[in-house]
Structure formats: structure tokens, C-alpha cells
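> sequence and predicted structure below; questions after.
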Amino acid sequence: MIKKAEFSDYKASADFILEKIGDSPDIAMILGSGLGDYADLDENRIVIPYRDIPHFPVSTVSYQKGELVFCKRGEKKLIIMNGRFHYYEGWEMWQTAYPIPVFKLLGCKKTIITNAAGGISEKYKPGDIVCVNDHIKLSPDSPLRGANIPEFGVRFFDMQHVYDKDMADIAKAKAVSLGFELKDGVYGYMTGPQYETPSEIRMLKMLGATVVGMSTVAEIIAAAHCGLPVLCLSCVTNMAAGITGAQITEEEVLETGRTVKARFVSLLDEIVKSI
């Protein structure tokens, strides 16, 4: 097992980033598969490759850029992760959540986390956007396993309010103003990289999950530890295994992300202006 990062490592990452961007961001954002174009909209953005940041992991997913983007959307200053870290890439669970404490040190007050997910609920269809209000994690590991870092939070912490209701209400209202509905949902976390079996999906459905994916939950746990409220949005890119019987492919996931890009970008812009 790789030695867990210490407070000094997170601070070194944050200090490096602050030196590059010169200002403290208001909102941290993590972009999921197929949704990375939001980070490219500001011509005056500052881009920092992950590989340049001390102690920062480096994304190995081929279609994710692996860079931090500092930009402005209206009056709000954003720090955006274009590419995230997954347990299936070989990272330890704490490494997949490494950026969250860094965002805390940067001075971020709110976090928006997005992902591509498989739809478990038959009320969903590909292209729907789901506002996640809870999650189910069956994996035994946790990003907080090991020595606690008290500068970020207490050893034992509450998980009931990390999915921020006020931000969720704003997101739902903004979606309606744009002409569509945000569905509510529960995210079921599976480690991947293989897609789930039909039996695994039936299990998750029985437990109450409505979408399934291979990311996000470690980041949410770290955010709860750091006291960062989160808005989590899942783009349903495909129906999960056994729901329709159709084969699940990476190409379908990315194509659906591209299809909903304009709607997703408009929604994120409206949310950012209002939170």
C-alpha cells in the first residue's frame, strides 16, 4: 500500500496551484466522462496539467485531459478538474479523492461533482440528468482509512448532509427554466472497470440505487470530511446491465455525453450564477 498523503503534501499542492492562478476560487467542479468541454469555454482560463502539481495523481483514462482549469463564469471563480481519478486505474481510494482537501485549502466554499452513470431506474432514459441525493458504497475501502488529518475534519463524521439540499433545489429550478426536469436519484458505486452484471444491478435496485457508476463516492466522502457542501449531477449515458438487454459500450457512454453537452453546459452556467 502506498503511504497515505500528509497535510504537508496537500498544502504543497494547494500552494503550487495558488501561485499559478493568483486567486482563491469560489467553486470547485469535477467533470465526468464526456462532459469535459465545460472547462474550455473561458478563453482566459489558466490550465495546469496534473503532472505539474506536486503530489497530485495523474489521470490515465485516455479521453480525459488530466488538467486543472481556473476560469471565471460571470462573477464566479471556478477551479475545474477536467479528468478525475478512479479506483480501477490502480489508485488507492484516498488518491481518488486527493483533490478535495486541496480544494478546501484553496478556499473553495462549494463543490459541484458530475459523472456519467448507468440508469437503473426504468423511469430514466439515456440523456436524462439526475440530481443525486445519496449513495450506496459496497466497497469496503474508504478514502479516510488510515491516520486522520485533523486540519480537514474529525475522525468520525456525519454523511447525512453532504448532498446539499439548497444547491439541489437551485439546480432543479434552473433545469425547469431551461425546459427540462432534473430527476432525483441515489448513486450506486461499483469499483469497475468491468460494467456490472445483471444480478449486481438487481441487487443495487433492491437496495434503492437508481444510477450506477465507478467514481464520485470517494470524492463525496472526502467532501463531507472537509465540510464542503456538494451538488452531484449524474448524466444517464446508458441503461444499466439487464435493464434493456442491450450491450454496454464505452462509445455509447461518450456519445451520450456529447449529445447532452449543450443542455449540461447551460444548466451548469445557470447553477454557478445562483449558488
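Alright, I've got the coordinates. Residues are numbered from 1 along each chain as shown.
> can you show me the strands along the stretch 151-275 of the chain?
Applying DSSP state E, counting those that start in this stretch to the stretch 151-275 of the chain gives strands spanning 183-189, 211-213, 230-239.
> same list, the ones you listed, but as CSV with mean pLDDT and distance to Lys273 please.
Where you see a C-beta, it was placed from the backbone N, CA and C, and this is true even at glycine. Shown next, in CSV, are the strands of the stretch 151-275 of the chain (pLDDT from 0 to 100; distance: least, Cβ to Cβ, whole Å):
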stretch, mean pLDDT, distance to Lys273
strand 183-189, 97, 22
strand 211-213, 98, 26
strand 230-239, 95, 13
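> export these as TSV, with columns for mean neighbour count.
Shown next, in TSV, are the strands of the stretch 151-275 of the chain (neighbours: other Cβ atoms under 10 Å):
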stretch	mean neighbour count
strand 183-189	23
strand 211-213	27
strand 230-239	26
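> turn those into TSV, columns for distance to Gly127.
Shown next, in TSV, are these (distance: least, Cβ to Cβ, whole Å):
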stretch	distance to Gly127
strand 183-189	11
strand 211-213	13
strand 230-239	7
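> mind checking those for the one nearest to Phe7?
Across the strands of the stretch 151-275 of the chain, Phe7 has its closest neighbour in strand 230-239 (21.9 Å, Cβ to Cβ).
> okay, that closest one in CSV with CA atoms only?
The C-alpha trace of strand 230-239 is given here as CSV (Å, rounded to 0.1, in the frame of the first residue of the first chain):
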residue,chain,number,x,y,z
VAL,A,230,-21.8,19.1,-2.7
LEU,A,231,-24.1,19.3,-5.7
CYS,A,232,-23.9,16.0,-7.6
LEU,A,233,-25.3,15.6,-11.1
SER,A,234,-25.3,12.3,-13.0
CYS,A,235,-25.8,12.1,-16.7
VAL,A,236,-27.5,8.9,-17.6
THR,A,237,-25.5,7.8,-20.6
ASN,A,238,-26.8,4.2,-20.9
MET,A,239,-29.2,1.9,-19.2
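> now that strand: how far from the chain's centre is it?
9 Å (Cα atoms, centre = their mean, to the nearest Å).
> helices or strands up against it?
Strand 230-239 sits against strand 110-119, strand 129-137, helix 165-177, strand 183-189, strand 211-213, helix 217-226, helix 250-259, helix 261-274, with contacts defined as 3 or more Cβ pairs under 8 Å, 6 or more residues apart in numbering; DSSP states H and E.
> any chance of those in TSV with distance to Ala240 as columns?
Shown next, in TSV, are the helices and strands packed on strand 230-239 (distance: least, Cβ to Cβ, whole Å):
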stretch	distance to Ala240
strand 110-119	4
strand 129-137	13
helix 165-177	23
strand 183-189	9
strand 211-213	5
helix 217-226	16
helix 250-259	12
helix 261-274	20
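> if we can go back for a sec, closest one to Ala116 among the strands of the stretch 151-275 of the chain?
Nearest to Ala116, of all the strands of the stretch 151-275 of the chain, is strand 230-239, at 4.5 Å by Cβ to Cβ.
> circling back: can you flag the weakest of the helices and strands packed on strand 230-239 by average pLDDT?
Mean pLDDT per stretch puts helix 250-259 lowest among the helices and strands packed on strand 230-239, at a mean of 76.
> so which bits of it are buried?
Neighbour-count burial for helix 250-259, with 16 or more other Cβ atoms under 10 Å as criterion, is recorded at 250, 252-254, 256-257.
> residues near the nearest residue to Cys131 once chain neighbours are set aside, how many?
Spatially, and ignoring its direct neighbours in sequence, Cys131 is nearest to Leu182 (4.6 Å; Cβ to Cβ, 6 or more residues apart in numbering). Number of residues near Leu182 (other Cβ atoms under 10 Å) recorded here: 19.
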